[in-house]
Each structure stands twice: as structure tokens, then as C-alpha cells.
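okay, here's the prediction I keep looking at, along with the sequence it came from:
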Amino acid sequence: MMNPLLDLKTLPPFTKIKPNNMVEAVKTIIEESRQQINQLVESQTKNTINWQSFVAPLEAINDRLDRAWSPISHMNAVVNSDEIREAYNACLPLLSEYGTEMGQHQGLYQAIQNLSDKADELQLDEIQQKILNDDLRDFKLSGVSLSDEKKKTYGKIQLRMSELTAKFEQNLLDSTMGWYKDLQDESALEGLPQSAIKAAKQTAQANGVDGYRLTLEYPSYLPVMMHANDRALRQEVYTAFCTRASDQGPHDSKFDNSKLMPEILSLRHQLAELLDFDNYAQLSLATKMANSTDQVIDFLQDLANKSQSQAQAEILELENFAKEHYQQEALQAWDLAYYSEKLKKHKYNISQEELRPWFPENQVIKGMFEITGQLFGISFEQRDDVDIWHPDVRFYDIYNSHNQPIASFYLDLYARKNKRGGAWMADCIGRRKDGETTQKPVAFLTCNFNAPVGEQPALFTHDEVTTLFHEFGHGLHHMLTKIDYAAVAGISGVAWDAVELPSQFLENFCWVELGLDKIARHFETGEPLPKEKLERLLAAKNFQSAMQMLRQIEFALFDFKIHREFDPSEPDLIQTILDQVRDKFAVVKTPEFNRFQHGFSHIFAGGYAAGYYSYKWAEVLSADAFSRFEEEGIFNSKVGQDFLEHILEKGGSQEAADLFVAFRGREPSTEPLLRHSGIGQ
């Protein structure tokens, strides 16, 4: 039977892709790509090389591998099994070795350099020149200029890092999936909303047991922490959650990430030194907007300093409230979300659970489409003739204002067994011009919300609605690009600390009356969110915002400092730096057994190593961008078109800082973020 991954010209046929297809496809495509690239390089001379004869065919070669790897990687995340995991892991070293080989390919590098040298003669445009400049930078970061011996070392480091980061993610998934708590009596769940109780019952039934099952997946974990009256239950669930993949708590020690983290950091440090950087933080910034490690530290500390006094006041208010109203002294980590929810209810008479009936899934999606359609002149249509990996998945096409199809996306909303936690957007297909045709971009949009229970539709919390908008913002960045070169279309080629701009920007529409009017309708009556609930929701927007700001800064500083200050001779440095950051900036004391870092997959298994600060960096950009909408009209079509033209359509074809200034008319300011967060006002 033909391997369905070998020559993908259409959408991936997920039901036909088997684990044994995966390794075969990757091996075959890599070998054929290697031969094609070598032939391509040999066919070029300094005099004859031009864009059409070299870059266009090179792009087609690379796209074939991307098209095959995308569904493999995605299936590993959303329908994980032992067989898929084994195939996925077998592909990683092949991809790592090939990536290193191409990054150090002297002939390929020289051809790009020759083309760059002829840029003026060939009248290459600014986008083409940026692609070449980015390529030359990436070649140097891949060690193309290293000695043969150092190139071998570089390759070994990359190979080992791909193994370790994959193992880190798998340990976290296995540890998360490996813990559960079965309860026979509903009274043990006293305080939890009915939606969470029904979900726990449904989870138990799905696993063939009576009663109720709690897990460490977010839709199960968060309701316990926020609502369970049983303090011992909260402590047990918190302990299990914050010790995942570690040497602490109730977990199997074979899933412990303790030894992986220092080895990952050590390898990154070695990589940085090979490339003549002092540390990995410096290497990380080579592809980002920020100019220096000091600038990043100063940026984070400045935000922390502006937030700290308000955060201290917020935690004091919480402690006093718990003591006065519930006689609870000395709050512990497993008490914070519980009493915070009660304080929020006390101050604003509003709760996430109370709002669920007004955020039924279909209305939220309809409203999200209306908002983005009005802003950017696009429309959406669901299509059912698409091969999907799970019955819950839906597929949509996007049309422009001329009713022409321009992009598509898969939507996978619900948490389930063998699906990675969290929410994310990933590329399925990237936009590029292929001869006379344009390859339309396709995205994966994935969340982990509670599924419908019985006849009732899925009802989201406002936080979940915001999460969906966030990921959809990433998706629009990928899908609405008008750039025809894969290297800088959509999110490709965008500085990492600007990638979060569109996603965080779109969240703002969940916090304005005109946006909520489109999103919120009661699932039974169709009535909009009552005025008094709307006012209370908006009043509560900045509840404990300074504490939340400091928490994110704590994560960002920890990430940046361990990559800037790593010393392989100090094995306990990770915990030491985390403790130092917490001592200086955290207003909440963390239990000694907490092993947050063991589950910090963003930096140990994702793309955010020495880059987690990007969330705050981009939040400054997104708040400032949205402030123009506040000034000129939330649904001002001119402003929406400007955002589309300068940010979403341009992708990575120009420097992120230049695109922001083109949209905003000036350099970014932190004032809108602090104002939106209610800090220092």
C-alpha cells in the first residue's frame, strides 16, 4: 500500500496514517531531499544562480518534509499511543541529524551567500533580501563556520537535545495521565460546580469505574483548586499536580525529569559556547527583538517593581478575607485559588462557573467569527468532507472579502485521554507560491476544555473563551498572511518575542462590551449576558492582576537566569535560581516539595528556552496595539485593516519592530499594559 505521507498534495489523510508509515516517510523524504539539494547546489554557479532557479526549488524540497512531519508531530500530541510515540521518537534523531547537516552544508551556505552578493544585480526585493539575510544568520547559528571537529560536536549536541526534550514532554504526559483519584460519594466533591461533578462522573464511566474520577488535566484540576471545600482534597490534588515528573509526590520515579533538566541546560550552554556566545540566553536573543540580556532582565524587573507593592496589598487582602470570613489562618498554596474565588465572589459577586451558561461553545465560535470577520473582512464556513483524527474535530475554510478561499483550520477543543494538555496553534500547511498556484495555509487549533455532557452543549468559562481567542489569534497570523515565500509567511521568520502579539491582541475583545455582546448568549434562552453580570465581569477583570503579573515575571526571570547564569559545576543551580527569584519577587510562599520546573515544558521541551519573557514583551505590544482601537473605535474598519495589513498579512517579511511602528505610528509603550492591568492607576 502507498505510504500516505510520502507525497501530500492535499490535507493529511489522518485515518490512513499508521505508525509504520511515519518512520518510512521521514527516512525516504530526508534521503531524497538530501540528493535533490546536493544536485541543486551542484547545478548552480556564482554567475548563473538566481532566485527562480535556486530558492524556489529549494523551498519545494523543504515543504515536502514539512508537510509529512506536521501530521506526525500533531498525532503524537492529540492521539498519543505507544506505537505513535515509538515512531515519533524514532523520527527525532533522523530530523535532528538532517537539520544539522543542512545547517552546516557548505555548498548550500555558499549558494545563499552568492545569491545575497548578487541581490542588487538581480533586483531582489526587500522580502527576498530579508530571507537571504535570515538564512545566512541561521547558517552561522547552525555552526556552518565551525571546524569539522566542532561541527561533529554540534551535531551530537543537537541530537541529544532532541532526545532529551522529547523525553521531558513524554515524562510529563505520562506523569499527568498516571495519577487519578476515584471517589464513590458525591459529598466528597462538595463545593464543586455541577459541571465539574458531571465531568468527573463521565470520566469515571469512560474508564469503567463507579463514582467520580479526578485527574490532573486542567478541566478536572482547576475546579478542585477553586471550589472544593475539602481542604485535604485540595492539598492532595495540588501536591500531585505540582510534583508531576519529579522526585516528589505520589508519582512513579521513572517519570522523573530531575536529571534531564541540567543535562538540557548543559548542552544548550555548550552549544552557545561553540558559537562564540557567553551563554544560551545570548544565543537565544540572536533571533529576537530584544537587543541584549541586560535589556530583558531590566524589562522584567521594571515591570516587577511597578507591580510588587500592589501584589503585596492583594495577598494581604486575601489573607485578611480568609481569616475574617472563614477563620482560616496561614494560607497554603492549595488555599490560594479557593479563597481567591470566594473573595472575587464577595467583592464582585461573579464567578467563572456562574458565567458558563452564557458561553456555550457554538455561540462563542460564532461570535469569534463575527468579531474577526468584522475586523479583517473575512468569513468562515464549516466543511464536513475532511479526514480527521477524532470525531470531535471540526474543519473550517476562511474566505476573503471577495468570497475567495484563502485558508483553513482544524478545531479540536476537548480534553481527552492520550491528548497533550494545554492549548496551542500549530502549522499544518504553510503558504507559499508554487509556480502559478498558491499553497493555502492550514492550521491546527487545539484546546483542552470540558466536552458536552449529555444533551447539554459544552459550556466554557470566560477564561477558556479568552484561551480560545488567544490561539485563534496565532491561527490568524498563520492563515491571513499574504507573503508567498514559506520562510517568512505567517509566523515563520517572526521574531520569537513578537509571535505572541496577534494572540494576546485578540484576547482584548473578550474584555469589552462590544466584543462580549457577540460572544455571550445563554445556551437555553439565547439571552445576552445581563447588564449587571457584564458590569461585574468587567469590574473583576483586574482582580489580583499584580499577583498574576508577578507570577509570569517569576517564570520569565527563572527561565532567563538559568540560561544566562548556568554553571555545569553546580548541579543544584536550577532550584537555587528559582528560589532566589521567588525570594525577591514572589508574594506567595511556595511549598518546598513544589517542583514546578519539572513540568515547565515551555522552556524544557518547547520553543521558549530563554524566551519565556516573550509573553510579557509581546503583551506590551498587544496592549499598545489595542489602545489604538480604544482611541479610534473597537470595530473601526480602518484600524482593523491596518492591523491586518501591517501585522497579520506581513508575517516575518519585515522586522517586527518596524511593522509595529508602521501600525501604531510610534515606538511601543508599557503604559497601556499597566493601565489595562489596573496596576499603578
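Here it is on my side, so go on.

contact partners of stretch 574-586?
The contact list for stretch 574-586 (Cβ atoms under 8 Å, 6 or more residues apart in numbering) reads 261-262, 265, 304, 308, 550-551, 553-554, 557-558, 561-562, 565, 570, 590, 596-597. Using the backbone N, CA and C atoms, a C-beta is placed for each residue, glycine as well.

are any of those buried, and which?
By the neighbour-count criterion of 16 or more other Cβ atoms under 10 Å, these include these buried positions: 261-262, 265, 304, 308, 550-551, 553-554, 557-558, 561-562, 596-597.

quick one: the helices in the stretch 201-350 of the chain?
Here the stretch 201-350 of the chain has its helices, by DSSP state H, counting those that start in this stretch, at 218-227, 231-242, 260-274, 280-285, 293-326, 333-348.

what segments of the stretch 51-200 of the chain are helices?
Counting by DSSP H, counting those that start in this stretch, the stretch 51-200 of the chain has helices at residues 56-78, 82-103, 106-117, 126-141, 148-178, 194-206.

how about the backbone phi and psi for residue 448?
Dihedral angles phi and psi of residue 448 (degrees, to the nearest 10) take the values phi -140, psi 70.

give me the neighbour count for it.
Burial of residue 448 is recorded as 20 neighbouring residues (other Cβ atoms under 10 Å).

and the residue lying closest to it once chain neighbours are set aside, how many residues sit next to it?
Excluding the flanking residues, the one nearest residue 448 by Cβ to Cβ, 6 or more residues apart in numbering is residue 415, at 3.9 Å. Using other Cβ under 10 Å, the number of residues around residue 415 comes to 19.

hang on, the earlier thing: okay if I get the helices of the stretch 51-200 of the chain as CSV plus mean neighbour count?
Output for the helices of the stretch 51-200 of the chain, formatted as CSV (neighbours: other Cβ atoms under 10 Å):
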stretch, mean neighbour count
helix 56-78, 19
helix 82-103, 17
helix 106-117, 18
helix 126-141, 17
helix 148-178, 18
helix 194-206, 18
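
got a markdown table for those helices, with distance to residue 538 and mean pLDDT too?
Output for the helices of the stretch 51-200 of the chain, formatted as a markdown table (distance: least, Cβ to Cβ, whole Å; pLDDT from 0 to 100):
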| stretch | distance to residue 538 | mean pLDDT |
| --- | --- | --- |
| helix 56-78 | 35 | 97 |
| helix 82-103 | 44 | 96 |
| helix 106-117 | 52 | 96 |
| helix 126-141 | 41 | 97 |
| helix 148-178 | 34 | 96 |
| helix 194-206 | 23 | 94 |
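
redo those helices as TSV? Include distance to residue 605.
As requested, those are exported to TSV (distance: least, Cβ to Cβ, whole Å):
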stretch	distance to residue 605
helix 56-78	11
helix 82-103	12
helix 106-117	29
helix 126-141	20
helix 148-178	4
helix 194-206	26
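
and residue 473, which of those helices is closest to it?
Of all the helices of the stretch 51-200 of the chain, helix 56-78 sits nearest to residue 473, with 19.6 Å by Cβ to Cβ.

show me how the protein divides into domains.
As assigned by automatic domain parsing, the chain contains the domains 14-103+105-141, 179-255, 260-350+544-612, 356-539.

which one of the ones you listed lies closest to residue 149?
Of all the domains of the chain, it is domain 260-350+544-612 that lies closest to residue 149, at 10.6 Å by Cβ to Cβ.

endpoints of that closest one, how far apart?
19 Å (Cα to Cα, to the nearest Å).

distance from that domain to the middle of the chain?
When distances are taken as Cα atoms, centre = their mean, to the nearest Å, domain 260-350+544-612 is centred 17 Å away from the chain's centroid.

and if you look at stretch 471-490?
15 Å.

equivalent analysis for stretch 397-411, please.
Distance, centroid of stretch 397-411 to centroid of chain: 23 Å (Cα atoms, centre = their mean).

contact partners of that stretch?
11, 365, 377-381, 383, 386, 388, 393-396, 428, 431, 440-445, 475, 478-480.

can you pull the contacts of residue 335?
The contact partners of residue 335, taken as Cβ under 8 Å, 6+ apart, are 231, 234, 322, 328.

which among the contacts of stretch 397-411 end up buried?
Buried subset of those (neighbour count, 16+ other Cβ under 10 Å): 11, 365, 377-378, 380, 386, 388, 393-396, 428, 431, 440-445, 475, 478-480.

looking at these, which are in helices?
Mapping the buried ones among the contacts of stretch 397-411 onto helices (DSSP state H) picks out 365, 475, 478, 479.

tell me how many other residues surround the nearest residue to the third one once chain neighbours are set aside.
It stands for residue 478. The spatial neighbour of residue 478 that comes closest, neighbours along the chain excluded (Cβ to Cβ, 6+ apart), is residue 490 at 3.9 Å. Using other Cβ under 10 Å, residue 490 has 28 other residues around it.

correct me, but residue 490 touches residue 475?
No - using Cβ atoms under 8 Å as the test, residue 490 is too far from residue 475 to be in contact (9.4 Å).

endpoints of stretch 442-462, how far apart?
This stretch, stretch 442-462, spans 27 Å end to end (Cα to Cα).

can you start the count at 25 instead of 1 from here on
With 25 as the first residue, the last one maps to stretch 466-486.

roughly how far out does that stretch sit from the chain middle?
Mean-position distance between stretch 466-486 and its chain equals 18 Å (Cα atoms, centre = their mean).

give the buried residues for it.
In stretch 466-486, counting by 16+ other Cβ under 10 Å, buried: 466-474, 477, 481-486.

what is the helix or strand harbouring residue 392 packed up against?
Per DSSP states H and E: residue 392 is located in helix 385-400. When contacts are defined as 3 or more Cβ pairs under 8 Å, 6 or more residues apart in numbering; DSSP states H and E, helix 385-400 packs onto strand 403-406, helix 486-503, helix 537-543, helix 661-667.

give the contact list for residue 684.
Residues near residue 684 by Cβ under 8 Å, 6+ apart: 522, 525, 645, 648, 649, 670, 671, 692.

of these - the most surrounded one?
Highest neighbour count within these: residue 525, with 31 neighbours (other Cβ under 10 Å).

OK, contacts around it?
By Cβ under 8 Å, 6+ apart, the contact set of residue 525 is 642, 645, 646, 649, 671, 680, 684.

and the residues you listed, which is closest to residue 76?
Nearest member of the contacts of residue 525 to residue 76, counting by Cβ to Cβ, is residue 680, at 28.3 Å.

correct me if wrong: the closest one contacts residue 311.
No - the criterion here is Cβ under 8 Å, and residue 680 misses it with residue 311 at 10.9 Å.

common neighbours of these two, please.
Between them, residue 680 and residue 311 share these contacting residues under Cβ under 8 Å, 6+ apart: residue 519.

who's more crowded, these two?
Just comparing residue 680 and residue 311: by other Cβ under 10 Å the higher neighbour count belongs to residue 680, 22 against 16.

got a list of what the more buried one touches?
If you count contacts by Cβ under 8 Å, 6+ apart, residue 680 has them with 313, 518, 519, 521, 522, 525.

quick check, residue 60 in a strand?
No - going by DSSP: H, G, I helix; E, B strand; the rest coil, the assignment for residue 60 is helix, not a strand.

hang on, isn't it packed against residue 85?
Yes - counting by Cβ under 8 Å, residue 60 does reach residue 85; the two are 5.1 Å apart.

now do the contacts for residue 529.
Per Cβ under 8 Å, 6+ apart, neighbours of residue 529: 497, 646, 649, 650, 667.

which strands or helices does the strand or helix carrying the second one pack on?
Taking DSSP H and E as the criterion, residue 646 maps to helix 638-656. Based on contacts counted as 3+ Cβ pairs under 8 Å, 6+ apart, the elements that helix 638-656 packs against are helix 317-350, helix 525-531, helix 569-588, helix 661-667, helix 680-688, helix 695-700.

okay, those in TSV with mean pLDDT and distance to residue 159 next?
What follows is the helices and strands packed on helix 638-656, written out as TSV (pLDDT from 0 to 100; distance: least, Cβ to Cβ, whole Å):
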stretch	mean pLDDT	distance to residue 159
helix 317-350	96	25
helix 525-531	97	24
helix 569-588	97	25
helix 661-667	97	28
helix 680-688	96	18
helix 695-700	93	34
